[in-house]
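S.K.: Predicted model and sequence follow; I will ask about them next.
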There are 2 protein chains.
Amino acid sequence: MSAKLNIVMAQLNLKVGDIDGNTHRVIESAEQARDQHQADMVVFPELTLCGYPPEDLLLRPSMVLRIEQAVSKLAAVKGIDLVMGLPAMGAHGLENQAVVLRDGQVVARYAKQHLPNYQVFDEKRYFIPGQKPCIFECKGVKLALTVCEDLWYQSPAKQALEAGADLILSLNASPFHKDKQSIRYETIRSRCHETGLPVLYVNLFGGQDELVFDGGSFAMNSNGQVAVRADYFTEGLYTACFDTSVKAFDQEIVPELPSLHERVYKALVTGVRDYVNKNGFKGVVLGLSGGIDSALTLAIANDALGAERVQAVMMPFRYTSNMSLEDAQEEADILGVDYSVMPIEPMFDAFMGTLSAQFENTHKDTTEENLQSRCRGVMLMAISNKKGYMVLTTGNKSEMAVGYATLYGDMCGGYNALKDVPKTLVFALSEYRNTLGYVIPQRVIDRPPSAELAPDQVDEDSLPPYDDLDRIIEMYVEEDKSAEAIIESGFDRETVYRVLRLIDINEFKRRQAVVGVRITPRGFGRDRRYPITNGWHLGI
Amino acid sequence: MSAKLNIVMAQLNLKVGDIDGNTHRVIESAEQARDQHQADMVVFPELTLCGYPPEDLLLRPSMVLRIEQAVSKLAAVKGIDLVMGLPAMGAHGLENQAVVLRDGQVVARYAKQHLPNYQVFDEKRYFIPGQKPCIFECKGVKLALTVCEDLWYQSPAKQALEAGADLILSLNASPFHKDKQSIRYETIRSRCHETGLPVLYVNLFGGQDELVFDGGSFAMNSNGQVAVRADYFTEGLYTACFDTSVKAFDQEIVPELPSLHERVYKALVTGVRDYVNKNGFKGVVLGLSGGIDSALTLAIANDALGAERVQAVMMPFRYTSNMSLEDAQEEADILGVDYSVMPIEPMFDAFMGTLSAQFENTHKDTTEENLQSRCRGVMLMAISNKKGYMVLTTGNKSEMAVGYATLYGDMCGGYNALKDVPKTLVFALSEYRNTLGYVIPQRVIDRPPSAELAPDQVDEDSLPPYDDLDRIIEMYVEEDKSAEAIIESGFDRETVYRVLRLIDINEFKRRQAVVGVRITPRGFGRDRRYPITNGWHLGI
């Protein structure tokens, strides 16, 4: 009969900076893993105790002191190995470490060797890289510690092999984007094939500002097959049973990867839920326009928080169609959220009256359109301030890209579910959400999008068709393609120059935009750092 | 008779991304240096051709192509050595290079070895570090190339010495903060003493979003004495004459360092002027409240752009005192800027009327105060949209720190001159500005600060005295001191915890704030990257 090493993957939703709370979660999870899962070892995500990414909290000298206090509290947990991540001082500076705590003693300590400093990551700002592998033993099995980025390179796994490891543990805080999980599998599979070693990969779950960590922790055998996989978008303790004689994980039934739309939708729901709850808001309030962006945002808010924590407000003006009024009402009714209608005519007129002297001898332009949007923004913010409800903004990535949004108007708010969702994907996600239960009136999906800020206005009066627009945005923003390369791919020069110019000149709006869920490899957050003052554009 | 090597320090105001424009400036400056200054060589700032910091423009593959095209244009300049900075591909990736162009040929090419990745800097995100010194010869003098951060470490200067250099050239884009120039002198002086070599230090001038580069280029002899110094806060070509026989710069009369207040004030003026002009705004509009922040901001705007490009608006409400009305009028009159008074009563009442159903059974709170501020913000934005004038916001660093500002209210705008200026320094700068000509009524400086959002309100009702507040903010934000350390320095626990909590919970406001001039070693811009969702605070 072969001996088993029971390892629990603790896929937790931790909170950045909340060292006390995270420590409590570690203790609770370790005891549960030991007592209910008969685990020999519990493995937590990267930087378990301070959460990820802690950003400049890592520059505070009190960080390492608080972490040391937390570790001494954890000494109370006996009878199980705790494998966790934390920042700690090494010989040359701060390190991103993985440590093993056994009956109150640190029996192994490893420093992350590859520090990501691209996209949303800034780890070279904070950490000194480690140089060496670290092996520890449990039930006769030799385990190597690695942290996240390490396994995206060959050397740390190779070092582990050379140091005699039977199994590689990988502590991760790997943020979601739509193609991420297949990339993770491929990457870890390469390490398995190169070394002939199995890998246990533990990921974080939960939302942290613009990032969502999707979980999906897994144990992969040396042949590259996934033996155990945790669920996506949920917390939990998942046991992987390692057979010490054959040095492989027992194979379990692994569910299929959820569809792209399900993954993205769940990421949006997770982002909203965690931002609202971790920041202590009672609920959210949002403006319903009768359009598809606010309809989808309402569904996400409802799924994240429950109808009783969501308030919807329709703020019509003279250009609002009856169809919009009817559809907004229907959306609220279907979900059963608090709903009210508050026309903005009186404030709009009051502003225009006072501004008339300033506006003498000028023509109507986007100023009046922005004013409508700003009256709505101020209304929502007043409700937010009075009730402790956070305003959820409803703009999408296509709008954020080309500046088709009003600063201090529809951009008012605390969080933006659709910030990184192109309009074409907004449509697809709405269809997807309706397959789970009809919540978005079909007419809202079918009608041509309109901001309704002028008579008979539709978006495609001022913008190229969304199919084209989204593809151009993707090529320019996410793929760093030049104007010429985009034109060569089949778009006309004038359209490309116009869109690129709009993207370039609207950085000032994006810089003041709220944070929102990142679902692509490059969102408009920490992963796109552009100057506002910028003479890059070639002109036409 | 000894031979001279005439070197021109080209202290230019370049624009990020504007490769064509910058290339044109390089050609023009090189020809002027050659023809009017009889220069053998002209030295430009770091990353001359793309400007600094280009941020993620460096990730665009077309960047290096455009730079190569620019270099080929520069080949037309003959008869003078051009020493300039540019990004270029090296053997292992993109490098931050200094190159020497002589009669159309690149005769020397050096890659920056020390890449700053702290504070506002992200150079490890983009560049691969160089490993070697680079020496070239001109008129029998051996010159070593270095780039900025290189001279903040010992090794590149030491390498230059070992490679036989007579003189070190240093290309810089060193942003201003209030203590920077003395640190620069000390640092370069150390390199002179260690190596026995003179250094020519060329700095950029001008504003780029939150950064201001203050110029002050200099030539320092091996004894650590400054032989030539360019002016601060201005463009220009400055000749340093290097005596090839004694290997030292000819000593010129070096003016004294301007006072702290003069330097900071000029940095603010530069930041505003360049943001407005480089982004193509016709002028600025700002709200005058009768308080000191808007009074100082008005003076800065006037000094940056001239009175004819500045519009001031007073937007009184029932809590606005007569004194405020009088003082605002006087400020505008003294400078001769366009001034109008537009009460916000009508829009405030319109909002409150519509919101009455939502606000039933609630008490008056900050909601109504924020509403006043937002009516003003919307008014200014409407004027901005209609006239192409950028709104200048008037908040200061103390307010930004503790969130004593209204999102989408007084935080509306395009740029904030005082964003990094603590309130106590606002007072000092106002006194300083009045020494150049009386523009801020003395009463505005002497009266207790008030937001005038409620009857008889003064700031110190809700905040500690500004002397205390600013010192606590400085210790927590700029010095990363812990609560305990701040308490030990002499503040009571309750005040410290209250201020720290306000700083922590107001990250969401700062994230949506406009950019503004950085004048301290840590502003609320790229140099302070904090999570919004953050459980760090200890509570009381």
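M.R.: Everything's here; your move.

S.K.: could you point out the longest helix in chain A?
M.R.: In chain A, assigned by DSSP state H, the helix with the most residues is helix A:366-387.

S.K.: ok and whichever helix or strand comes after that one relative to helix A:366-387, angle-wise?
M.R.: Beyond helix A:366-387 in the direction of the C-terminus, DSSP states H and E gives the next helix or strand as strand A:389-393. In terms of direction (axes from the mean of the first three to the mean of the last three Cα atoms, to 10 degrees), strand A:389-393 departs from helix A:366-387 by 150 degrees.

S.K.: So which elements touch the longest helix of chain A?
M.R.: Where contact means 3 or more Cβ pairs under 8 Å, 6 or more residues apart in numbering or on different chains; DSSP states H and E, helix A:366-387 is packed against strand A:283-287, strand A:310-314, helix A:345-355, strand A:389-393, helix B:345-355, helix B:366-387. In short, each C-beta sits where N, CA and C put it, glycine included.

S.K.: Alpha carbons only: can I get the third one in PDB?
M.R.: The C-alpha coordinates for helix A:345-355 follow below in PDB (Å, rounded to 0.1, in the frame of the first residue of the first chain):
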ATOM      1  CA  GLU A 345     -34.900  69.400 -17.300                       C
ATOM      2  CA  PRO A 346     -35.000  71.800 -14.300                       C
ATOM      3  CA  MET A 347     -31.200  71.700 -13.500                       C
ATOM      4  CA  PHE A 348     -30.300  71.800 -17.200                       C
ATOM      5  CA  ASP A 349     -32.400  74.900 -17.600                       C
ATOM      6  CA  ALA A 350     -31.000  76.500 -14.500                       C
ATOM      7  CA  PHE A 351     -27.400  76.000 -15.800                       C
ATOM      8  CA  MET A 352     -28.300  77.300 -19.300                       C
ATOM      9  CA  GLY A 353     -30.000  80.300 -17.800                       C
ATOM     10  CA  THR A 354     -27.000  81.300 -15.700                       C
ATOM     11  CA  LEU A 355     -24.600  80.500 -18.600                       C
END
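
S.K.: ok, back up a step: and the angle for the longest helix of chain A with strand A:310-314?
M.R.: Going by the same axes, to 10 degrees, helix A:366-387 makes 150 degrees with strand A:310-314.

S.K.: Just the buried residues of helix A:366-387, please?
M.R.: Residues A:367-387 are the ones in helix A:366-387 that count as buried (16 or more other Cβ atoms under 10 Å in any protein chain shown).

S.K.: now stretch A:88-105
M.R.: By 16+ other Cβ under 10 Å, the buried positions in stretch A:88-105 come out as A:88, A:90, A:94-102.

S.K.: so how far is the first residue of that stretch from its last?
M.R.: The first and final residues of stretch A:88-105 sit 16 Å from each other (Cα to Cα, to the nearest Å).

S.K.: got the residues of the stretch 201-350 of chain A near chain B?
M.R.: A:207-209, A:274-275, A:278-279, A:340, A:342-344, A:346-347, A:349-350 (Cβ under 8 Å from any Cβ of the partner chain).

S.K.: Of those residues, just say which sits nearest to B:Arg60.
M.R.: For these, the residue nearest B:Arg60 by Cβ to Cβ is A:Asp209; the value is 26.1 Å.

S.K.: Now for A:Ser482: which residues touch it?
M.R.: Listed by Cβ atoms under 8 Å, 6 or more residues apart in numbering or on different chains, the contact set of A:Ser482 reads B:60-62.

S.K.: what's the answer for A:Gln32, then?
M.R.: A:Gln32 makes contacts with A:Leu237, as judged by Cβ under 8 Å, 6+ apart.

S.K.: and it, what helix or strand is that in?
M.R.: Taking DSSP H and E as the definition, A:Gln32 sits inside helix A:19-36.

S.K.: Over to A:Val83?
M.R.: Going by DSSP H and E, A:Val83 is in strand A:81-89.

S.K.: I'd like the average pLDDT over that strand.
M.R.: The predicted model assigns strand A:81-89 a mean pLDDT of 98.

S.K.: I'd like the helices and strands packed on helix A:366-387 written out as a markdown table, with distance to A:Glu55 and mean pLDDT added.
M.R.: Shown next, in a markdown table, are the helices and strands packed on helix A:366-387 (distance: least, Cβ to Cβ, whole Å; pLDDT from 0 to 100):
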| stretch | distance to A:Glu55 | mean pLDDT |
| --- | --- | --- |
| strand A:283-287 | 25 | 98 |
| strand A:310-314 | 30 | 98 |
| helix A:345-355 | 39 | 98 |
| strand A:389-393 | 21 | 98 |
| helix B:345-355 | 37 | 98 |
| helix B:366-387 | 28 | 97 |
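
S.K.: Now for whichever residue of the stretch 151-300 of chain A sits closest to chain B: which residues touch it?
M.R.: Nearest to chain B, among the residues of the stretch 151-300 of chain A, is A:Lys278, at 4.7 Å (Cβ to the nearest Cβ). In this structure, A:Lys278 makes contact with A:15, A:207-208, B:533, B:535, judged by Cβ under 8 Å, 6+ apart.

S.K.: how does it look with 7 Å?
M.R.: A:15, B:533 (Cβ atoms under 7 Å, 6 or more residues apart in numbering or on different chains).

S.K.: same deal with A:Lys266?
M.R.: By Cβ under 7 Å, 6+ apart, A:Lys266 lies in contact with A:232-233.

S.K.: Repeat that for the one 10 residues further on.
M.R.: If a contact means Cβ under 7 Å, 6+ apart, then A:Val276 has A:284, A:305, A:390 as its contacts.
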